[in-house]
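Chemist: give the three-dimensional model of this entry:
(3 chains)
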Amino acid sequence: MATAVVADTGERENYLNAGHGPKSWLLTVDHKRIALLYLISITFFFFIGGFFALLIRLELLTPAGDLVQSDTYNKLFTMHGQVMVFFFLVPAVPAVLGNFLIPLMIGAKDLAFPRINLLSWYLFIIGGLLMIFTILSGGVDTGWTFYTPLSTEFLKTNVVSAAIGIFFAGFSSILTGLNFIVTIHRMRAPGMTWNRLPLFVWAHYATSIIQVLGTPVVAIALVLVVLERLFHLGIFNPLLGGDPLLFQHLFWFYSHPAVYIMILPGMGIISEIVCCFSRKRIFGYKAMALAVLGIAVIGFLVWAHHMFVAGISVYAALIFSLLSYLVAVPSAIKVFNWTATIYKGSITYQTPMLYAFGFVGLFTIGGLTGLFLASLGVDVHVHDTYFIIAHFHYIMVGGMVMAYLGGMHFWWPKISGRMYPEGWGKLAALIVFIGFNLTFFPQFILGYMGMPRRYHSYPPEFQILNVLSTAGATILAVGYLLPMVYFMWSMRYGKPAPPNPWNAAGLEWQTHSPPPTFNFDEEPVVTWEAYNYDEMGEIPEKPEKEEVPVAH
Amino acid sequence: MSDHKSASGHTSEHASTQTREHISEHISSVGSSVAIWLALLAGTGITVAAAFIDLGPFNTIVALTIATIKATLVILFFMHVKYTHEKLTGLVVVSAIFWLFILLALSMADYTTRLWR
Amino acid sequence: MHTSQAAVDEHAHENPALLHHFATEEQQKNAASLGMWVFLAQEVMFFGGMFCAYLVYRYKYFADFGSASQQLDIKLGATNTVVLICSSLTVVLGVRAAQLGKRMALVFWLLATIFLGLVFLGIKADEYAEKFEKHHVPGASFSYHELLPSQKKLPEAERQYADPHHAEMYFSLYFAMTGMHALHMIIGVGLFGFLAYKAWRGKYTPEYYTPIENAGLYWHFVDIVWIYLFPLLYLIDRHR
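Modeler: Presented below is the predicted three-dimensional model:
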């Protein structure tokens, strides 16, 4: 295989050492570099969102609202939610792993629109700066959901800058989705037919459809909120004939499918990991591909299940309840198929697989509790309680964040050219799993027993469960910090990674670790099916050394 | 180290060996463009005229129907959707309309079935 | 030895418009075209949110909306509709000129489109100014005291007036929707200005006119939005 060598250091030229200095990074159009720019950005915002979470859990250690005032507490949970949803969860997998891997997986040199890719990142940064400005200028306390007329009429906080910041982040995600759709349609290498696409790519395709068609609606909803605040319009103000529920319809039309934006890429990751570490083809490839599309489409039909107690008509509520049950079906199919894939596979328990196991179990719990919530009667009881909080954190943190970490570990050798320390990886995965369950399982019980969300004080009988939850949160924090430390450690001291340390299927493993700037030395021609593990051997015990020396 | 499973290691032969491809694009004739333009103007005139006639609840329906016909003409002819070989374009157009329909229909399902005004 | 790099250099030598990550010009053109259509799909949803708001309130306050709609000048609205339809024709003729390699014709049609776009915006500004004078701009200075439609037939004492709050709702949506539309037109005019300059410099040929075509798609979309805005905003209950 032809490889170029960088003249002065003697190491093989790859996307990391091709060009140095800030300009080569800030003006890059290489999808892999842009993915790393996103990685740094979303990690930064994860810390900020996590910091707010820490303050929330500290306040909730005691029944009295004694750490912060209630207005401040409102700001804490609002900004925790907004930062985590819009500046971490939505972009994390697509903008980091999707950006990095999709061209590699389909055998292309880059995404269809590399400059728009860079623009996406800059829009994200602008949105992020506006969010930071909001935080530093006193914060916003609308709840992450910006409900009107509270956000339009009654609050003196910086609703406008938060809304505009999220608008920019949303526009960034629309462009990412647009880029992916065109790339997947137009840039596949010869022989890479739709039926041979990795499920990671299918998942991002479905996600991109949601991003393109859903995000504009929340964008216009936020524009209307800003206009209403600035010009006192009355579109959502009942005193002027407006309907607060109109805002909720427009907001949730996006924000429900948004949760599928957050989870579908994670599901794509899990399919890749599960196949590799069971050494088996995915069970039911077509069903898995159709399932992600099904989730994307049906996911658009269920939004008003967030509004069951808000005042929508009972008949509309019935329709949305029924549709919400329906959306669970394709998700369940995926869980069954992952299980069937693992069954009688040649299973090994490297770190990515540990995260995958965690995902399948925790996502199932989160999803099942979603079914409870789809039932009108149950929802009336647990709406706006900690049951809801536990439900969505099981999916978002137990599901999506675990999938993200699993994916980062799985593809870290490809991205960085280094192996992470496996022992520490397993330990961190275990700590995350334990910490997560200790944090959020008590919240199911708390919610069912009636503890409301968004309150900073609570009856004393709820304290023991809250203390357990906070304890879990500190353990979880340790579990998240560990990978950050050893990933950075590995950049310098990790074992150099061969092109395919896992002996995994997929085009991304058929180029160097890290890849050259244009991804492949020669354009690949695909003549094999996806997940052709029956043609491949076992995972090598010790990763083979690369022939060309890599700089230390 | 090369794990390429490709049958042949050939590079992309496309444009480097072929002459510049002539993409077969439909070029609209002036006549057909003017015809569509006249149809659009006629539609506008009819819409305005119909607005002044009392058709009861059908006023809105007539106005929106004419608007939809005009939009369809623009999409199919001015935007070349009729002449493209790409079925994907049509799928994108239909999807956008369908998704808008979901937003409007399910939202109105709430508003029209509330028992209070 | 970079085999792919060598092929890239050959491409660049052949056609500077071909970007490095595409294998052929056709692939690049198809990608750009699909990209623009997907962008328009999200624009449909963006405007769609406002259409949803409009639909909800028109359903709730039909009579008041009828009264407010009659405050708009139907002649100006219809003129603007005609202006936009003409500008769509000039765009189509411009794309055709590009396809046939007629540089000056292309520039002419692009400038014609810009001219018509500016006419539209000028008429819109005039309408907005009139609304401002009549205190129909929502906000602190809004004031509305007009009859509901078909009230003039009734004796003076029985005539009903429109609810000013609901009328303000109409005008909020009027300004939001036409304002967003006008913003898109301004962007379109600027885009065509840039393209007209590039066209004059000879950048577009029968082999490469993708930006013209895609800008045309954008312009037609903006026209379609107005095709719906006009009857919805200007023609409610006009017969009364």
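Chemist: list the buried residues in stretch A:416-428.
Modeler: A:S416, A:G417, A:R418, A:M419, A:Y420, A:P421, A:W424, A:G425, A:K426, A:L427, A:A428 (16 or more other Cβ atoms under 10 Å in any protein chain shown). From N, CA and C alone the C-beta is placed, and that goes for glycine too.
Chemist: which two in the residues you listed are spaced the farthest apart?
Modeler: By the measure Cβ to Cβ, A:G417 and A:L427 form the most distant pair in the buried residues of stretch A:416-428, at 23.3 Å.
Chemist: secondary structure and pLDDT for the buried residues of stretch A:416-428 - can I get that in CSV?
Modeler: As requested, the buried residues of stretch A:416-428 are arranged in CSV below (DSSP: H, G, I helix; E, B strand; the rest coil; pLDDT from 0 to 100):
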residue, secondary structure, pLDDT
A:S416, helix, 96
A:G417, coil, 95
A:R418, strand, 96
A:M419, coil, 96
A:Y420, coil, 97
A:P421, coil, 97
A:W424, helix, 97
A:G425, helix, 97
A:K426, helix, 97
A:L427, helix, 98
A:A428, helix, 98
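Chemist: ok, A:A296 to A:L230 distance?
Modeler: Distance from A:A296 to A:L230, counting by Cβ to Cβ, to the nearest Å: 35 Å.
Chemist: do the same with C:V137
Modeler: For C:V137, the distance to A:L230 - Cβ to Cβ - is 13 Å.
Chemist: quick check: C:F22 touching C:A31?
Modeler: Yes: using Cβ atoms under 8 Å, C:F22 is in contact with C:A31, at 7.0 Å.
Chemist: so A:A296 and A:L230 - more neighbours on which side?
Modeler: Higher neighbour count among A:A296 and A:L230: A:A296, with 25 against 11, using other Cβ atoms under 10 Å in any protein chain shown.
Chemist: how about the more buried one, nearest residue that isn't a chain neighbour?
Modeler: With sequence-adjacent residues excluded and distances taken as Cβ to Cβ, 6 or more residues apart in numbering or on different chains, A:A296 is closest to A:A206, at 4.1 Å.
Chemist: local confidence estimate at the residue nearest the centre of chain B?
Modeler: Among the residues of chain B, B:I75 comes closest to the average C-alpha position under Cα atoms, centre = their mean, at 4.1 Å. At B:I75, the model reports a pLDDT of 96.
Chemist: could you say which helix or strand holds the nearest residue to it once chain neighbours are set aside?
Modeler: Excluding the flanking residues, the one nearest B:I75 by Cβ to Cβ, 6+ apart is B:V81, at 5.3 Å. Under DSSP states H and E, no helix or strand contains B:V81.
Chemist: the helix ranked longest in chain B near chain A anywhere?
Modeler: The longest helix of chain B (DSSP state H) is helix B:87-113. Yes: shown here: helix B:87-113 in contact with chain A (Cβ under 8 Å from any Cβ of the partner chain) through B:L88, B:S95, B:A96, B:W99, B:I102, B:L103, B:L106, B:S107, B:A109, B:D110, B:Y111, B:T113.
Chemist: among the residues you listed, which one lies nearest to C:T113?
Modeler: For these, the nearest to C:T113 is B:A96 (23.8 Å; Cβ to Cβ).
Chemist: that closest one: neighbour count?
Modeler: When neighbours are counted by other Cβ under 10 Å, B:A96 registers 21.
Chemist: confidence score at it?
Modeler: 96.
Chemist: pull the contacting residues for it.
Modeler: By Cβ atoms under 8 Å, 6 or more residues apart in numbering or on different chains, B:A96 lies in contact with A:L213, C:L40, C:A41, C:V44, C:M45.
Chemist: if we go by neighbour counts, what in the helix or strand containing the fourth one is buried?
Modeler: Looking back up the chat, that one is C:V44. Using DSSP H and E, C:V44 sits in helix C:25-60. Within helix C:25-60, the residues that qualify as buried are C:25-58, C:60, counting by 16+ other Cβ under 10 Å.
Chemist: repeat that for stretch B:55-63.
Modeler: So, applying 16+ other Cβ under 10 Å, buried residues of stretch B:55-63: B:N59, B:T60, B:V62, B:A63.
Chemist: I figured the third one hits B:L55, correct?
Modeler: Yes: with contact defined as Cβ under 8 Å, B:V62 reaches B:L55; the gap is 6.2 Å.
Chemist: number of nearby residues for A:I166?
Modeler: Counted by other Cβ under 10 Å, the residues lying close to A:I166 total 25.
Chemist: separation between it and chain C?
Modeler: 15 Å (Cβ to the nearest Cβ, to the nearest Å).
Chemist: that residue contacts A:A221, correct?
Modeler: No: contact between A:I166 and A:A221 fails when scored by Cβ under 8 Å: they sit 10.3 Å apart.
Chemist: list residues touching both of the two?
Modeler: Shared contacts of A:I166 and A:A221 (Cβ under 8 Å, 6+ apart): none.
Chemist: quick check: end-to-end length of stretch A:230-239?
Modeler: 17 Å (Cα to Cα, to the nearest Å).
Chemist: what separation do you get for A:V380 and A:G367?
Modeler: Counting by Cβ to Cβ, the gap from A:V380 to A:G367 is 21 Å.
Chemist: ok, those two, which is more surrounded?
Modeler: A:G367 (20 against 10).
Chemist: check contacts around the more buried one.
Modeler: A:A328, A:S331, A:A332, A:V335, A:I395.
Chemist: SS state for it?
Modeler: Put simply, A:G367 is helix when judged by DSSP: H, G, I helix; E, B strand; the rest coil.
Chemist: pLDDT weak spots in chain C?
Modeler: Along chain C, the model assigns pLDDT under 70 to residues C:1-16.
Chemist: can you do 50?
Modeler: C:1-4, C:6-8, C:10-13 (pLDDT under 50).
Chemist: quick one, helices of it?
Modeler: Counting by DSSP H, the helices of chain C are C:3-14, C:25-60, C:62-69, C:74-99, C:103-133, C:164-200, C:210-234.
Chemist: how about chain B?
Modeler: B:14-17, B:30-51, B:58-73, B:87-113.
Chemist: lowest average pLDDT across those?
Modeler: Note on those: lowest mean pLDDT is at helix B:14-17, with a mean of 37.
Chemist: residues contacting the residue nearest to A:A390 when sequence neighbours are not counted?
Modeler: Spatial nearest neighbour of A:A390, excluding adjacent residues (Cβ to Cβ, 6+ apart): A:Q443 at 3.7 Å. Contacts for A:Q443 were tallied using Cβ under 8 Å, 6+ apart; they are A:Y386, A:F387, A:I389, A:A390, A:H393, A:L465, A:S469.
Chemist: against A:I389, how distant is A:Q443?
Modeler: A:Q443 is 6 Å from A:I389, by Cβ to Cβ.
Chemist: distance between the longest helix of chain B and the chain's centre?
Modeler: The chain centroid and the centroid of helix B:87-113 are separated by 14 Å under Cα atoms, centre = their mean, to the nearest Å.
Chemist: what's the answer for stretch A:219-232, then?
Modeler: With Cα atoms, centre = their mean, you get 28 Å for stretch A:219-232.
Chemist: now check it, is it near chain B?
Modeler: No: in terms of Cβ under 8 Å from any Cβ, no part of stretch A:219-232 sits within range of chain B; the closest distance is 10.6 Å.
Chemist: average pLDDT for that stretch?
Modeler: What stretch A:219-232 shows for mean pLDDT is 94.
Chemist: in that stretch, what counts as buried?
Modeler: Using 16+ other Cβ under 10 Å as the test for burial, stretch A:219-232 gives A:219-229, A:231-232.
Chemist: ok, stretch A:516-532 next?
Modeler: A:516-526, A:530-531.
Chemist: also near chain B: which of the residues you listed, exactly?
Modeler: Restricting those to those near chain B by Cβ under 8 Å from any Cβ leaves A:E522, A:E523, A:P524, A:V525, A:V526.
Chemist: how's chain B carved up into domains?
Modeler: With domains defined by automatic domain parsing, chain B comprises B:28-83, B:85-117.
Chemist: in JSON lines, list the ones you listed along with distance to C:G216.
Modeler: Putting those into JSON lines (distance: least, Cβ to Cβ, whole Å) gives the following:
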{"stretch": "domain B:28-83", "distance to C:G216": "8"}
{"stretch": "domain B:85-117", "distance to C:G216": "14"}
